[in-house]
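1. A structural model of the following input is requested.
(one chain, ligands or ions: 1)
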Amino acid sequence: MSNLERTLQHHLDRRRASSTLRNLTISAPNAVDFSSNDFLSLSTSPALRAAYLQELQRDSSFRIGSGGSRLLDGNSEYAEALERDIAAFHNAPAGLLCNSGFDANAGIFACIPQPNDVVVYDAFIHASVHDGMRLSRAKRIAFEHNSVEDLQRVLEECVAGDEFVRRGRRNVFVAVEAVYSMDGDLAPLKEIVEVVERLLPQGNSHVIVDEAHSTGALGAKGRGLVCELGLEERVFARLHTFGKALACNGAVVLCSPVVRHYLINYSRPLIYTTFMSYPSLAAIRAAYSLLWDGHTEPLQLHLRFLVEELFSRLQTLRARYSGVPDIDHWIQVPSEAPNSPIFAVLTSQPRSLAKHCQDAGFVVRAVVPPTVPEGTSRIRVCVHAGNTSEQVRRFVERIDEWLGLHIDPEGPVETTSERARL
Ligand SMILES: Cc1ncc(COP(=O)(O)O)c(C=O)c1O
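-> As a prediction, this is how the structure comes out:
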């Protein structure tokens with residue numbers, strides 16, 4: 001082993017010692033998916049497969065690879081028409097396709113905020129926004145997750161402390177997500193837009209909404225939260241990613257034509273990379289065709305039904321153990337049904353619970369700090385349109401079984417030394 005590899009191994013060993021080592025895993029083929037972001041189960045949809053194959057056959061002389069960066073040989077009529085149609089679907093003036101949501105965020109936040117501008121961001125914002133912001137020379141300020149009051153406090157401080165901001169001469173960007181990936185909670189977007197417009201009335205405030213987890217899953221035909229709330233003209237830019245509910249890869253930035261043109265000129269993750277290949281674009285068009293023609297609407301409805309079902313079963317389960325003194329140590333479930341398909345089932349023993357569920361054929365994952373804040377270790381549960389009520393019932397029974405292994409709803413709580421053996 002070289003000295004460098006020894007150093008790298010040392011870092012890996014430190015992670016192993018703190019139980020934060022990451023490894024690639026492969027789910028069993030017949031496992032029940034309560035984990036992936038394939039919310040509409042389009043990954044395995046015969047309708048999407050058929051639409052995709054049809055799209056590929058539309059022009060038998062298609063060029064498979066894009067041929068280069070979009071700025072050089074990678075662009076095509078096909079790509080331009082696709083992004084125009086997607087923008088129209090989401091009621092936006094223009095769209096710009098990007099190879100991934102990560103690239104899109106990293107590009108936007110690195111090149112649009114200018115030196116001394118301010119980026120105010122939700123404390124739970126995605127890593128790609130952080131990477132982008134770090135490359136910009138803007139000032140960065142977090143506000144408490146989903147707290148309109150704290151956003152207001154931060155903005156008031158910006159206005160009070162910076163004459164340029166106050167006079168509308170310095171831009172303030174506000175970065176939020178429509179649905180947050182770990183708790184499945186929605187941003188109070190209307191209130192956020194209102195407070196931003198009220199405190200910064202000079203036209204120098206710009207809200208950017210990441211709709212990664214709402215694309216396809218929220219709003220009429222899956223148009224997302226901004227459309228659902230009618231805020232299209234009050235946000236600066238939106239990001240829709242195709243890798244989750246749409247079962248593809250890539251993303252689109254919805255924005256004005258000027259912003260689109262600026263990104264084409266300045267966004268490095270867009271400029272210095274090979275653009276998506278034709279099969280990738282065809283898959284995106286096929287997925288959008290299912291949204292356009294209403295195919296996914298019953299899937300959205302079924303998903304909603306399953307969310308309510310899982311919620312009510314988890315509530316009943318939790319109520320059975322309500323007499324156990326330290327029950328919150330073992331399990332905490334959402335107090336309201338999430339408005340998204342994502343559930344956080346909190347437990348101080350997430351690996352043990354995840355393994356117990358996995359052993360019964362359920363794909364579910366433990367999420368621990370630093371991915372989530374200390375004290376909020378959990379299993380992250382995602383419901384899918386392809387799940388059934390029966391699977392939800394069995395899954396909750398499995399959690400119940402795990403609880404029963406460690407605590408008795410009627411009897412005394414186990415000792416700390418017993419718990420330590422878990
Ligand atoms: C909120 C959010 N934004 C952006 C991304 C990145 O999107 P992509 O997977 O297309 O790179 C993700 C996905 O991991 C995400 O959860």
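2. What residues does the stretch 1-150 of the chain have near the ligand?
-> 100, 101, 102, 105, 126, 128 (Cβ under 6 Å from any ligand atom). Backbone N, C-alpha and C define where each C-beta goes, glycine included.
3. Swap in 8 Å and give it another go.
-> Counting by Cβ under 8 Å from any ligand atom, the stretch 1-150 of the chain comes close to the ligand at 37, 100, 101, 102, 103, 104, 105, 125, 126, 128, 129.
4. What count of nearby residues applies to the residue in the chain that the ligand sits nearest to?
-> Nearest residue of the chain to the ligand (Cβ to the nearest ligand atom) works out as residue 101 at 2.3 Å. Residue 101: 25 surrounding residues under other Cβ atoms under 10 Å.
5. ok, now which ones touch it?
-> For residue 101, the contacting residues are 128, 210, 212, 239, 241, 243, 251, by Cβ atoms under 8 Å, 6 or more residues apart in numbering.
6. repeat that for 7 Å
-> By Cβ atoms under 7 Å, 6 or more residues apart in numbering, residue 101 lies in contact with 128, 212, 239, 241, 243, 251.
7. got it, and residue 235?
-> Counted by Cβ under 7 Å, 6+ apart, residue 235 has contacts 193, 207, 209, 226.
8. Now do the SS call for the residue nearest to it when sequence neighbours are not counted.
-> Nearest in space to residue 235, with sequence neighbours left out and distances taken as Cβ to Cβ, 6 or more residues apart in numbering, is residue 207 at 4.6 Å. With DSSP: H, G, I helix; E, B strand; the rest coil as the basis, residue 207 sits in strand.
9. Surely residue 207 is in contact with residue 236?
-> Yes: taking contacts as Cβ atoms under 7 Å, residue 207 lies within contact range of residue 236: 5.8 Å.
10. which one of those two has more residues nearby?
-> Higher neighbour count among residue 207 and residue 236: residue 207, with 23 against 18, using other Cβ under 10 Å.
11. If the more buried one is in a bridge, with which residues?
-> Per DSSP bridges, the residues bridged to residue 207 are residue 174.
12. Could you measure from it over to residue 62?
-> Applying Cβ to Cβ, to the nearest Å, the value for residue 207 to residue 62 is 38 Å.
13. Next up, phi/psi of the residue of the chain closest to the ligand, please.
-> With angles defined as degrees, to the nearest 10, residue 101 sits at phi -70, psi -30.
14. how about the nearest residue to it, chain neighbours excluded?
-> Nearest to residue 101 is residue 241, by Cβ to Cβ, 6+ apart, at 3.6 Å.
15. For that neighbour, the count of nearby residues, please.
-> Applying other Cβ under 10 Å, we find 27 residues neighbouring residue 241.
16. With residue 194 instead?
-> Neighbours around residue 194, by other Cβ under 10 Å: 14.
17. any idea how far it lies from residue 174?
-> Taken as Cβ to Cβ, the span from residue 194 to residue 174 is 12 Å.
18. So which residues of the stretch 151-300 of the chain form helices?
-> Taking DSSP state H, counting those that start in this stretch to define them, one finds helices in the stretch 151-300 of the chain at 163-166, 189-199, 225-228, 257-266, 268-271, 278-292, 297-320.
19. Does residue 253 touch residue 96 like I think?
-> Yes: taking contacts as Cβ under 7 Å, residue 253 lies within contact range of residue 96: 4.7 Å.
20. Which neighbours do these two have in common?
-> residue 263.
21. Quick check: which ranges of this structure have low pLDDT?
-> Low-confidence segments of the chain (pLDDT under 70): 409-422.
22. any chance you could map the strands in it?
-> For the chain, applying DSSP state E gives strands covering 32-33, 94-98, 118-122, 139-143, 172-177, 205-210, 237-241, 251-255, 342-346, 362-363, 365-367, 378-382.
23. The first one pairs with which strands, parallel or anti?
-> Next to strand 32-33 in the sheet, as set by DSSP bridges, lie strand 362-363 (parallel).
24. And for the third one?
-> According to DSSP bridges, strand 118-122 has the following sheet partners: strand 139-143 (parallel), strand 172-177 (parallel).
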